[in-house]
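Engineer: 3D, please:
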Amino acid sequence: MTAAATCVLLLWLARTAGLRSLGWNTAGAAAVLITATACFTRLFLGVHWLTDTLVGTLLGGAVAAGAIAALAPATHLRRVPDTDGAGIGG
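Structural biologist: Alright, predicted model coming up:
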């Protein structure tokens, strides 16, 4: 759950920072690989069942999506309207 939530939040931060296409694809692949590796190690060590890891991944993504939904309105800068029509430096 922690790996999925962390990866989703880091991907959101990368997107808001304006990461380009190649970086975005690499970051997405790394996030999937990290989450899958965390799930596999939990299965391999015998501390969780497959259903535990799948539900944890989904729940971690849902928690991160909820955090993003709560923070997204606060992260957008409000633009001051140009009232005189002159534009910048006019």
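
Engineer: how about the contacts made by Ile34?
Structural biologist: Neighbouring residues of Ile34 by CB atoms under 8 Å, 6 or more residues apart in numbering: Ala3, Cys7. All C-beta spots, glycine's among them, are computed from the backbone N, C-alpha and C.

Engineer: which helix or strand contains it?
Structural biologist: helix 21-45 (DSSP states H and E).

Engineer: just His48 next, same as before
Structural biologist: Using DSSP H and E, His48 is not contained in any helix or strand.

Engineer: with Cys7 instead?
Structural biologist: Residue-wise, Cys7 maps onto helix 2-16 under DSSP H and E.

Engineer: for that helix, which helices and strands make contact with it?
Structural biologist: Packed against helix 2-16 by the contact rule (3 or more CB pairs under 8 Å, 6 or more residues apart in numbering; DSSP states H and E) you find helix 21-45, helix 50-75.

Engineer: so which bits of the longest one are buried?
Structural biologist: Residues Thr53, Gly56, Thr57, Gly60, Gly61, Val63, Ala64, Ile68 are the ones in helix 50-75 that count as buried (16 or more other CB atoms under 10 Å).

Engineer: other SSEs contacting it?
Structural biologist: Counting by 3+ CB pairs under 8 Å, 6+ apart, helix 50-75 packs on helix 2-16, helix 21-45.

Engineer: ok, 6 Å please
Structural biologist: In terms of contacts (3 or more CB pairs under 6 Å, 6 or more residues apart in numbering; DSSP states H and E), helix 50-75 is packed against helix 2-16.

Engineer: how far does the helix it packs on sit from its chain's centre?
Structural biologist: Remark: helix 2-16 is offset 3 Å from the chain centroid, using CA atoms, centre = their mean, to the nearest Å.

Engineer: hmm, who's touching it?
Structural biologist: Contacts to helix 2-16, defined as CB atoms under 6 Å, 6 or more residues apart in numbering, come from residues Ala27, Ala31, Ile34, Thr35, Ala38, Thr57, Gly60, Gly61, Val63, Ala64, Ile68.

Engineer: just to revisit the earlier point, mind checking how far the helix holding Ile34 is from the chain centre?
Structural biologist: 13 Å.
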